[in-house]
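Q: Build me a model from this:
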Amino acid sequence: DFNDDTLIFEVQNVGEFTACLADPYPSGETEVYGPGDFEFRSAGTILDVVLGVLEEVDDPQSPGGEASCASWIVTEMAPEASLDHDLRAARKMLG
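A: The predicted structure follows:
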């Protein structure tokens, strides 16, 4: 789900993650919070951030376990053009 400057996505077999998008996007730092005490910070596009989260949860030493896929659905008003492009690219890559 996308709402203003927050993206919520789920990683199968791991849980739900909330990304507070960078301001300014995409040059600022996006913060992601997830199951347990999971925290991740990264600059870059939505795709960069989601891939970074997937790498973290796919790490065998990570308490989150393995990630097999991620998905989200945009249901609110349309995001600005550059963010919309990044969301579409991430959705296409992740299925």
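
Q: can you give me the helices in this protein?
A: 46-58, 81-94 (DSSP state H).

Q: among those helices, which gets the worst mean confidence?
A: With a mean of 75, helix 81-94 has the lowest mean pLDDT of the helices of the chain.

Q: got the angle between that helix and helix 46-58?
A: Put simply, helix 81-94 runs at 40 degrees to helix 46-58, going by axes from the mean of the first three to the mean of the last three CA atoms, to 10 degrees.

Q: Could you give me the buried positions within helix 81-94?
A: Across helix 81-94, burial judged by 16 or more other CB atoms under 10 Å covers 83, 86-87, 90-91, 94. Yep, even glycine has a C-beta here, placed from its N, CA and C like the rest.

Q: quick one: low-confidence parts of the chain?
A: When residues are selected by pLDDT under 70, those of the chain lie in 1-3, 59-80, 94-95.

Q: Mind doing that once more with 80?
A: Counting by pLDDT under 80, the chain contains low-confidence ranges at 1-4, 58-85, 87-95.

Q: if we can go back for a sec, could the buried residues of helix 81-94 be laid out in CSV, adding distance to residue 23?
A: Formatted as CSV, those follow (distance: CB to CB, whole Å):
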residue, distance to residue 23
83, 12
86, 15
87, 17
90, 19
91, 22
94, 24
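
Q: Quick check: which of the helices of the chain is nearest to residue 4?
A: Residue 4 lies closest to helix 81-94 among the helices of the chain, at 10.8 Å (CB to CB).

Q: Export only the CA atoms of that closest one, formatted as PDB.
A: C-alpha atoms of helix 81-94 as PDB (Å, rounded to 0.1, in the frame of the first residue of the first chain):
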ATOM      1  CA  ALA A  81       5.800  10.700 -11.700                       C
ATOM      2  CA  SER A  82       9.300   9.700 -10.600                       C
ATOM      3  CA  LEU A  83       8.000   7.700  -7.600                       C
ATOM      4  CA  ASP A  84       5.300   6.100  -9.800                       C
ATOM      5  CA  HIS A  85       8.000   4.900 -12.300                       C
ATOM      6  CA  ASP A  86      10.100   3.400  -9.500                       C
ATOM      7  CA  LEU A  87       7.000   1.600  -7.900                       C
ATOM      8  CA  ARG A  88       6.100   0.100 -11.300                       C
ATOM      9  CA  ALA A  89       9.700  -1.100 -11.900                       C
ATOM     10  CA  ALA A  90       9.800  -2.700  -8.500                       C
ATOM     11  CA  ARG A  91       6.400  -4.300  -8.900                       C
ATOM     12  CA  LYS A  92       7.400  -5.700 -12.300                       C
ATOM     13  CA  MET A  93      10.700  -7.100 -11.000                       C
ATOM     14  CA  LEU A  94       9.100  -8.700  -7.900                       C
END
